[in-house]
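*Asks:* Predicted model and sequence follow; I will ask about them next.
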Amino acid sequence: AQSVTQLDSQVPVFEEAPVELRCNYSSSVSVYLFWYVQYPNQGLQLLLKYLSGSTLVKGINGFEAEFNKSQTSFHLRKPSVHISDTAEYFCAVTLAGGGADGLTFGKGTHLIIQP
Amino acid sequence: KAGVTQTPRYLIKTRGQQVTLSCSPISGHRSVSWYQQTPGQGLQFLFEYFSETQRNKGNFPGRFSGRQFSNSRSEMNVSTLELGDSALYLCASSLNSGSSYEQYFGPGTRLTVT
């Protein structure tokens, strides 16, 4: 079975500063990786996903993530954050291929943007 | 195109009762997945339905069940509610079944069991 660890439960950062949210996964087989964002009282929105190909993945709202197979990591980055980026961020993994295995999520990282 | 809709948005039930939650997927989407979100356990996969068939199920007791109708709408049912069932229940739809297809999440139904 696969698992996801988000190393920081909370990350405070000043507005316009860069940010990195860390995600490590564990799996004995190939996986697909995702980052989702959840704003208060809302569902999850997909930021970006890695299925295959280039290890640097660009997503919406200026976010990007890099898949590192040797370190089993998929860290999320943004060069300059805005107040509106305040939200909960979830890293998720699922088995690669065509199976219907559901997403396995990390515990989430609360990104707090300070003015 | 309308997004995933879930009804009701909020629900309060008493321990021992049963509850049914509804999810209408994005038009044209044939797969519906359900997730439970709690502060302690986080987001956990409940099950996925595709073409009215349950394709996969997470590690939840048999009190949790679901079904999908021919129009792809889905319902999930929890019988004999326990206090620990209090959670945000999220539904997600995707075009087809399979891990490469993007899942679009609804706003969730917040269930409180007293």
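*Replies:* Everything's here; your move.

*Asks:* Low-confidence stretches in the chain?
*Replies:* Unless you meant another one, I'm taking chain A. Residues of chain A meeting the criterion pLDDT under 70: A:98-100.

*Asks:* should've been chain B
*Replies:* Ranges of chain B meeting pLDDT under 70: none found.

*Asks:* what does it put close to chain A?
*Replies:* By Cβ under 8 Å from any Cβ of the partner chain, the residues of chain B that approach chain A are B:4, B:31, B:33, B:35, B:42-45, B:47-48, B:50, B:55-56, B:58, B:90, B:92, B:97-100, B:102-108. Every residue, glycine included, has its C-beta placed from N, CA and C.

*Asks:* If we use 6 Å, what do you get?
*Replies:* B:42-43, B:45, B:48, B:55-56, B:90, B:97-100, B:102, B:105-108 (Cβ under 6 Å from any Cβ of the partner chain).

*Asks:* can you give me the helices in chain B?
*Replies:* In order along the chain, chain B carries no helices (DSSP state H).

*Asks:* Of all residues in it, which one is nearest the centre?
*Replies:* Centre of chain B computed as the mean C-alpha position; nearest residue by Cα atoms, centre = their mean is B:Trp34, 3.2 Å away.

*Asks:* Hmm, B:Leu46 and that residue touching each other?
*Replies:* Yes - the pair B:Trp34 / B:Leu46 is scored as a contact, 4.1 Å apart, by Cβ atoms under 6 Å.

*Asks:* picking that back up, which one (most neighbours) among the residues of chain B next to chain A?
*Replies:* B:Glu48 (27 neighbours; other Cβ atoms under 10 Å in any protein chain shown).

*Asks:* what ranges do the strands span in the chain?
*Replies:* You didn't say which chain, so I picked chain A. A:3-5, A:10-14, A:19-21, A:24-26, A:31-38, A:44-50, A:56-58, A:64-68, A:73-78, A:87-95, A:104-105, A:109-114 (DSSP state E).

*Asks:* You answered for a different chain; I wanted chain B.
*Replies:* According to DSSP E, the strands that chain B contains are B:5-7, B:10-13, B:19-24, B:31-38, B:42-50, B:53-57, B:64-68, B:74-78, B:87-94, B:104-105, B:109-113.

*Asks:* and of the ones you listed, who's closest to A:Val31?
*Replies:* Within these, the stretch nearest A:Val31 is strand B:42-50; the backing value is 14.5 Å (Cβ to Cβ).

*Asks:* number of nearby residues for residue 1?
*Replies:* Assuming you mean chain A. Using other Cβ under 10 Å: A:Ala1 sits among 9 other residues.

*Asks:* could you do chain B instead?
*Replies:* Other residues close to B:Lys1 by other Cβ under 10 Å number 7.

*Asks:* beta partners for B:Gly42?
*Replies:* For B:Gly42, the beta-bridge partners are B:Thr38 (DSSP bridges).

*Asks:* ok now do the residue most central in space within chain A, which residues does it touch?
*Replies:* Residue closest to the average C-alpha location in chain A (Cα atoms, centre = their mean): A:Trp35, at 3.2 Å. When contacts are counted by Cβ atoms under 6 Å, 6 or more residues apart in numbering or on different chains, A:Trp35 touches A:Leu47, A:Leu48, A:Ala65, A:Leu76, A:Cys91.

*Asks:* hang on, the earlier thing: please convert the strands of chain B to a markdown table, extending it with distance to A:Gly59.
*Replies:* Below are those laid out as a markdown table (distance: least, Cβ to Cβ, whole Å):
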| stretch | distance to A:Gly59 |
| --- | --- |
| strand B:5-7 | 25 |
| strand B:10-13 | 31 |
| strand B:19-24 | 25 |
| strand B:31-38 | 21 |
| strand B:42-50 | 19 |
| strand B:53-57 | 26 |
| strand B:64-68 | 30 |
| strand B:74-78 | 28 |
| strand B:87-94 | 18 |
| strand B:104-105 | 15 |
| strand B:109-113 | 27 |
